[in-house]
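Visitor: Need coordinates for the following:
(chains A, B, C and D)
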There are 2 protein chains.
Amino acid sequence: MTIELNSDAFETAPAWTCIGRKAANPKDRVLNAATELFCHHGFAATGVDTIASRAGTAKSTLYAHFKSKEKLIDAVLEREGKAWRDWFFGRLGKIKGTPKDKLCAVFDILAEWFSDPEFYGCPFINAIGEATSENETLRNAAKVHKSHVNLWIQAQAMELGMERPDDLVREMTVLVDGAIVAAQVSRDSDFAQVAKSLIARRLGD
Amino acid sequence: MTIELNSDAFETAPAWTCIGRKAANPKDRVLNAATELFCHHGFAATGVDTIASRAGTAKSTLYAHFKSKEKLIDAVLEREGKAWRDWFFGRLGKIKGTPKDKLCAVFDILAEWFSDPEFYGCPFINAIGEATSENETLRNAAKVHKSHVNLWIQAQAMELGMERPDDLVREMTVLVDGAIVAAQVSRDSDFAQVAKSLIARRLGD
DNA sequence: ACGAAATCAAACAGGTCTGTATGGTTAAGC
DNA sequence: GCTTAACCATACAGACCTGTTTGATTTCGT
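Guide: As a prediction, the model looks like this:
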């Protein structure tokens, strides 16, 4: 038995998503399949039979691990959110320079994401857009996800000695969400650079 | 027979949406019901039976006017897009001042929209987020809708004598889309002012 | 090697989905 | 008043939906 740390699947899968990663057990295979189908074809449009079939598992196994389709969606969002953040902060950790450099680099990293042929937008935004307006569960999941990024932005703002760090957090929210959606709608990754130019000007040329 | 130009339905319905407007014929009743249900509960999650029931029409009447659910979605987006633009440009027409004033005022108008309890985000963005990545029909519908707004932005940029008017168009796209999505996810209309501050700084304080 | 837990395929229950067909009823133009 | 078109309720077809059940089989810890 050899542990394939450098398997092809691991090497070729986009780092910002769980889709395509090695799955050792049926539960992870279900999560992988569900993530792929939910994100590429929509949450409501994807049935559990399709997910189990794609995962190569029995439907009963799916329901043994996830109480309902809704819980499966929650689990997919949580895992996919973590995968994205790991990738994002991993890229960010390699950026050296001032906080301003790092804040601007955020949009270079987003451009990488947008350029991937498999880019399908932000799963949290897509899920909220699809759901009933009153659905607070998805909104909370999105809030948790974004709060991780916002904390980092706030730290940069404080390191810059800004009086109201939260202002920068909110500005970055608009620019990041705007770049994501504009890139998704138009299939044009250049919107990342557009957002970058706006934050650069805001932080002083 | 009196024509009720000042009926309650007309007075109380939000101006930025078709939802709640008077419908004279079954076709318009179907469009009204479909718009409301699609936008509030999602496109895939809403069935044609529910739409016909809500519209007070027979399902056969629905299919007499719209060849398929997909065509109905197209018609809803087109009509709702036009309603929104009529409202938006109507508001914009009342703004007096320089092009910079008008460009900034865009976000005050968006704030009105976001503040409405019935705000459900941009139907085009939501539809694209819900659909298969390869669906070009929805992307084209969104492109047509946004192009009307973009043309106006470009005119302002040219009036300002900017060298590259298209740069401003793209910046506004990021800020408008970002404000819409941030407001939708967080239920906080203040993101309009955040976007406004960014464009104000870009156009010179 | 044995017992427990996990997984499997397949069928089932009870709805709901889109789209069509049938035949009766209303409304409008001439 | 008659004709024609629009609209109505209802039922149907065939597929798909979520979730459960059954009982056989495989995996795994010990």
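
Visitor: in stretch A:86-106, what's buried?
Guide: If you call a residue buried by 16 or more other CB atoms under 10 Å in any protein chain shown, then stretch A:86-106 has these buried ones: A:87-88, A:91-92, A:99-100, A:102-106. Where C-beta positions appear, they are placed from N, C-alpha and C, glycine not excepted.

Visitor: how long is that stretch from one end to the other?
Guide: One end of stretch A:86-106 sits 14 Å from the other (CA to CA, to the nearest Å).

Visitor: Looking at the buried residues of stretch A:86-106, which one is closest to DNA strand C?
Guide: residue A:87 (26.8 Å; CB to the nearest atom of the strand).

Visitor: which residues sit in contact with that closest one?
Guide: For residue A:87, the contact set (CB atoms under 8 Å, 6 or more residues apart in numbering or on different chains) comprises A:15-16.

Visitor: ok so, going back, save the buried residues of stretch A:86-106 as a markdown table, and put in secondary structure, distance to residue B:61 and pLDDT too.
Guide: Below are the buried residues of stretch A:86-106 laid out as a markdown table (DSSP: H, G, I helix; E, B strand; the rest coil; distance: CB to CB, whole Å; pLDDT from 0 to 100):
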| residue | secondary structure | distance to residue B:61 | pLDDT |
| --- | --- | --- | --- |
| A:87 | helix | 51 | 97 |
| A:88 | helix | 50 | 97 |
| A:91 | helix | 55 | 96 |
| A:92 | helix | 56 | 96 |
| A:99 | helix | 61 | 97 |
| A:100 | helix | 60 | 97 |
| A:102 | helix | 59 | 98 |
| A:103 | helix | 56 | 98 |
| A:104 | helix | 56 | 98 |
| A:105 | helix | 56 | 98 |
| A:106 | helix | 52 | 98 |
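
Visitor: For residue A:23, which three-state class applies?
Guide: Secondary structure state of residue A:23, per DSSP: H, G, I helix; E, B strand; the rest coil, is coil.

Visitor: who's in contact with the residue most central in space within chain A?
Guide: By CA atoms, centre = their mean, chain A has its centre lying nearest to residue A:84, at 4.3 Å. For residue A:84, the contact set (CB under 8 Å, 6+ apart) comprises A:16-17.

Visitor: rewinding a little: quickly check the buried residues of stretch A:86-106 for the two that are furthest apart.
Guide: In the buried residues of stretch A:86-106, two members sit farther apart than any others by CB to CB. They are A:87 and A:100, at 22.6 Å.

Visitor: So, low pLDDT: which residues of chain A?
Guide: A:1-13 (pLDDT under 70).

Visitor: Show me what from it comes close to DNA strand C.
Guide: A:25-27, A:56-61, A:64-65 (CB under 7 Å from any atom of the strand).

Visitor: Can you tell me which of these are classed as buried?
Guide: A:26-27, A:57, A:61, A:65.

Visitor: quick one: which of these is nearest residue B:15?
Guide: Nearest to residue B:15 among those, with distances taken as CB to CB, is residue A:65, at 48.2 Å.

Visitor: wait, isn't the closest one in contact with residue A:29?
Guide: No - if you go by CB atoms under 8 Å, residue A:65 and residue A:29 don't touch, sitting 10.2 Å apart.

Visitor: Could you measure from the nearest residue in space to residue A:23 that is not next to it in sequence over to residue A:55?
Guide: Once flanking residues are discounted, residue A:23 sits nearest to residue A:29: 4.3 Å by CB to CB, 6 or more residues apart in numbering or on different chains. Residue A:29 sits 4 Å away from residue A:55, going by CB to CB, to the nearest Å.

Visitor: These two: which has the busier surroundings?
Guide: Each of residue A:29 and residue A:55 has its neighbours counted (other CB atoms under 10 Å in any protein chain shown); residue A:55 has more, 23 against 20.

Visitor: That one contacts residue A:72, doesn't it?
Guide: No - Residue A:55 lies out of contact with residue A:72 (CB under 8 Å); the separation is 11.0 Å.

Visitor: okay, and the common contacts of those two?
Guide: By CB under 8 Å, 6+ apart, the residues touching both residue A:55 and residue A:72 are A:30, A:34, A:62.

Visitor: got the contact list for whatever residue of chain A ends up closest to chain B?
Guide: Per CB to the nearest CB, residue A:178 is where chain A lies closest to chain B, at 2.4 Å. When contacts are counted by CB under 8 Å, 6+ apart, residue A:178 touches A:191, A:195, B:173-179, B:181, B:195.

Visitor: quick revisit: got the buried residues of stretch A:86-106 as a markdown table, with distance to residue B:51 columns?
Guide: Output for these, formatted as a markdown table (distance: CB to CB, whole Å):
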| residue | distance to residue B:51 |
| --- | --- |
| A:87 | 41 |
| A:88 | 40 |
| A:91 | 45 |
| A:92 | 46 |
| A:99 | 51 |
| A:100 | 51 |
| A:102 | 49 |
| A:103 | 46 |
| A:104 | 47 |
| A:105 | 47 |
| A:106 | 42 |
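
Visitor: and of the residues you listed, the nearest to residue B:163?
Guide: residue A:104 (22.7 Å).

Visitor: so how far is residue A:175 from the closest one?
Guide: 11 Å.

Visitor: Now do the shared contacts for the two.
Guide: Counting by CB under 8 Å, 6+ apart, the residues touching both residue A:104 and residue A:175 are residue A:199.

Visitor: Grab the nearest non-local neighbour of residue A:81.
Guide: residue A:145 (4.2 Å).

Visitor: got it, and residue A:175?
Guide: That would be residue A:195: by CB to CB, 6+ apart, it lies 4.2 Å from residue A:175.

Visitor: Ok, residue A:203 next?
Guide: Per CB to CB, 6+ apart, closest to residue A:203 is residue A:100, 4.8 Å.

Visitor: Same question for residue A:126.
Guide: Nearest to residue A:126 is residue B:129, by CB to CB, 6+ apart, at 3.7 Å.

Visitor: before we move on, what about residue A:61?
Guide: Nearest to residue A:61 is residue A:26, by CB to CB, 6+ apart, at 5.1 Å.

Visitor: And whatever residue of chain A ends up closest to DNA strand D, its phi and psi?
Guide: Per CB to the nearest atom of the strand, the residue of chain A with the smallest distance to DNA strand D is residue A:47, at 2.8 Å. According to degrees, to the nearest 10, the main-chain angles of residue A:47 amount to phi -90, psi 160.
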